[in-house]
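Asker: Provide a 3D model corresponding to the input given below.
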Amino acid sequence: MSRYLLALTDAGGTVPPELGVARRLRSRGHRVTVLCDASMAAAAERTGADVRTWSVAVAPFEDWRLRSPTALARGMAEAMIAGPAAGHARDTAAAVAEVSPDAVVASFVAVGAMIAAEAAGLPYAVLVPNVYSLPAPGLPPFGLGLPPARGAPGRLRDRVLSDASTRMLGRYALEPLDGVRREHGLPPLASVWGQHQRAQQQLVLTAAAFDLPGELPGTARYVGPVLDDPDWAAGEAWTPPPGEGPLVLVAMSSTFQDHVACLQRVADALAQAGVRGVVTTGPAVPPGAVRGSDRVQVLAAAPHAEVLPHAAAVVTHGGHGTVMKALAAGLPLVVLPHGRDQADNARRVALRDAGVTLSRRASAARIARAVRRVLDDGRYRDAAARLGEAIRAEAATDTLEVELESLVG
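Answerer: Below you'll find the predicted structure:
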């Protein structure tokens with residue numbers, strides 16, 4: 001038995017897979033302490049881990065309000081990466097002193113926890129809860145939804161954009177992070193991603209079959225997706241809407257991304273397309289904010305593990321968890337990206353012919369046509385089934401657990 005300290009942050013869709021890491025370590029007999037935001041403490045306790053919360057509360061990052069790349073970079077630095085780093089480092093150092101873990105496992109943005117682990121001389125792993133998101137040769141810059149580079153011009157595009165985004169984020173995050181490192185007796189970083197690159201492991205919680213090929217560092221490993229449903233999705237037993245015809249699941253963001261109008265257009269589109277629908281609004285939007293119909297349910301939540309076996313397609317914003325679960329069920333997608341990693345996920349879906357991508361501002365009529373397209377054209381269903389088989393195979397392995405056990409070994 002080894003002792004792990006998991007330093008986790010609540011970024012909405014990242015919570016279920018990262019708590020799934022705790023659950024899997026506990027199932028192997030390891031002792032796990034989770035240090036996390038208060039908003040996820042109850043769910044963390046249900047993994048069987050010992051739980052403590054960060055001493056500093058962090059306000060939600062309302063990226064949907066920010067319109068320019070500079071504003072996004074500054075907001076991400078202040079709200080997610082550099083702003084909480086000093087408090088996270090202090091809390092992690094205190095937990096290390098009390099728990100004496102053998103290793104630390106940190107959320108991607110919990111950079112302060114990584115600093116404290118390094119200062120304590122402990123090995124640490126970084127959880128990457130989506131496609132690989134650090135700059136790497138062969139991969140388009142993260143977050144832009146770009147296709148793979150072609151030839152020298154494409155490689156130049158990737159290098160220029162990756163360098164520019166790294167410098168932009170570093171302008172707001174690097175100096176504060178170096179200040180936290182000085183407080184813990186550590187030298188400055190070479191770049192804003194330096195703390196991630198010093199990790200003994202970067203564990204990518206997706207399927208290699210889904211991501212694009214790139215030259216990842218030797219510390220990076222694809223360990224397969226964690227397909228656990230969030231705790232808030234559990235509730236009353238779900239029953240399909242009445243009638244005949246294909247069932248379409250609609251699953252948007254679990255955090256607010258100003259997406260109520262988009263949800264309404266999707267619900268209207270399902271009625272126009274002549275299908276049955278299940279629209280799950282999640283904790284960010286009350287179900288009463290979206291109007292359904294006789295054949296289109298609008299629910300706060302329904303366990304996707306129960307709905308997907310009945311479904312023929314999924315409409316989503318493109319969050320990694322929803323995309324992975326839909327594909328693992330062999331279902332084609334209509335993706336309307338809102339931000340974050342969603343354009344990248346949508347690009348990978350489209351490249352594999354497993355679905356189609358629309359603007360989040362697409363009309364109900366256009367969404368209806370896209371739904372009919374993925375339902376009526378068998379190539380989307382066949383491609384989703386092929387990709388889903390590969391995703392299920394990677395999810396069924398114990399690569400994640402073996403890697404974390406080797407971190408201690």
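Asker: C-alpha from now on. contacts and neighbour counts both.
Answerer: OK.
Asker: could you say which helix or strand contains Asp181?
Answerer: No Asp there; residue 181 is Arg. helix 151-183 (DSSP states H and E).
Asker: Show me where the stretch 101-250 of the chain dips below the pLDDT cut-off.
Answerer: For the stretch 101-250 of the chain, the stretches with pLDDT under 70 are 235-236.
Asker: Okay, strands next: where are they in it?
Answerer: Secondary structure of the stretch 101-250 of the chain (DSSP state E, counting those that start in this stretch): strands at 103-106, 124-128, 201-204, 220-222, 247-251.
Asker: could the ones you listed go into CSV alongside distance to Asp229 and mean neighbour count?
Answerer: Shown next, in CSV, are the strands of the stretch 101-250 of the chain (distance: least, C-alpha to C-alpha, whole Å; neighbours: other C-alpha atoms under 10 Å):
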stretch, distance to Asp229, mean neighbour count
strand 103-106, 21, 27
strand 124-128, 18, 26
strand 201-204, 18, 24
strand 220-222, 20, 20
strand 247-251, 12, 25
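Asker: So which of the ones you listed is nearest Ala273?
Answerer: Ala273 lies closest, by C-alpha to C-alpha, to one member of the strands of the stretch 101-250 of the chain: strand 247-251, at 10.3 Å.
Asker: any chance you could map the strands in the stretch 251-400 of the chain?
Answerer: Applying DSSP E, counting those that start in this stretch to the stretch 251-400 of the chain gives strands spanning 276-280, 296-299, 313-316, 333-335, 355-357.
Asker: what's the distance between the second one and the middle of its chain?
Answerer: With C-alpha atoms, centre = their mean, to the nearest Å as the basis, strand 296-299 stands 25 Å off its chain's centre.
Asker: if we look at it, which residues are touching it?
Answerer: 241, 267, 270-271, 276-281, 287-288, 290-292 (C-alpha atoms under 8 Å, 6 or more residues apart in numbering).
Asker: Taking these together, which two end up most distant?
Answerer: Top of the distance list for those (C-alpha to C-alpha): Arg276 and Gly288, 18.7 Å.
Asker: Would you mind telling me which of those two has more residues around it?
Answerer: Arg276 (25 against 11; other C-alpha atoms under 10 Å).
Asker: unless I'm mixing things up, that one is touching Pro246, no?
Answerer: Yes. Contact criterion C-alpha atoms under 8 Å: Arg276 and Pro246 qualify, at 6.1 Å.
Asker: Model confidence at the nearest residue to Ser359 once chain neighbours are set aside, what's the number?
Answerer: Spatial nearest neighbour of Ser359, excluding adjacent residues (C-alpha to C-alpha, 6 or more residues apart in numbering): Leu336 at 5.4 Å. Here, the pLDDT recorded for Leu336 equals 97.
Asker: any idea how far Leu407 is from Leu336?
Answerer: Taking C-alpha to C-alpha, to the nearest Å as the measure, Leu336 falls 38 Å from Leu407.
Asker: Look at those two and report which has more neighbours.
Answerer: Neighbour count, other C-alpha under 10 Å: between Leu336 and Leu407, Leu336 has more, with 25 against 18.
Asker: Identify the residues contacting Ala390.
Answerer: Neighbours of Ala390 in contact, by C-alpha under 8 Å, 6+ apart: Ala207, Ala209.
Asker: Swap in 10 Å and give it another go.
Answerer: Ala390 is in contact with Ala207, Ala208, Ala209, Phe210, Gly224, Leu327, Ala328, counting by C-alpha atoms under 10 Å, 6 or more residues apart in numbering.
Asker: Model confidence at it, what's the number?
Answerer: 97.
Asker: quick one: which of the contacts of Ala390 is nearest Leu400?
Answerer: Of all these, Gly224 has the smallest distance to Leu400: 7.3 Å, by C-alpha to C-alpha.
Asker: For burial, what's the neighbour tally of that closest one?
Answerer: 26.
Asker: Break this structure down into its domains, please.
Answerer: The chain breaks down into these domains under automatic domain parsing: 3-222, 231-393.
Asker: Please identify the one among those domains that comes closest to Glu403.
Answerer: domain 3-222 (8.2 Å).
Asker: got the end-to-end distance for the closest one?
Answerer: 23 Å.
Asker: Please enumerate the helices of the stretch 251-400 of the chain.
Answerer: 260-273, 304-307, 320-328, 342-351, 364-376, 378-395, 399-408 (DSSP state H, counting those that start in this stretch).
Asker: Now render these as CSV, adding distance to Asp228.
Answerer: Shown next, in CSV, are these (distance: least, C-alpha to C-alpha, whole Å):
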stretch, distance to Asp228
helix 260-273, 24
helix 304-307, 9
helix 320-328, 9
helix 342-351, 19
helix 364-376, 26
helix 378-395, 11
helix 399-408, 14
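Asker: so which of the ones you listed comes closest to Gly13?
Answerer: Among the helices of the stretch 251-400 of the chain, the nearest to Gly13 by C-alpha to C-alpha is helix 320-328 (6.6 Å).
Asker: so that closest one versus helix 342-351, what angle?
Answerer: Counting by axes from the mean of the first three to the mean of the last three C-alpha atoms, to 10 degrees, helix 320-328 lies at 10 degrees to helix 342-351.
Asker: Show me what helix 320-328 is packed up against.
Answerer: For helix 320-328, the packing partners by 3 or more C-alpha pairs under 10 Å, 6 or more residues apart in numbering; DSSP states H and E come out as helix 15-27, strand 247-251, helix 304-307, strand 313-316, strand 333-335, helix 342-351, helix 378-395.
Asker: hang on, the earlier thing: if I average pLDDT within each of the helices of the stretch 251-400 of the chain, which one is lowest?
Answerer: Looking at the helices of the stretch 251-400 of the chain, the weakest mean confidence is helix 304-307, a mean of 88.
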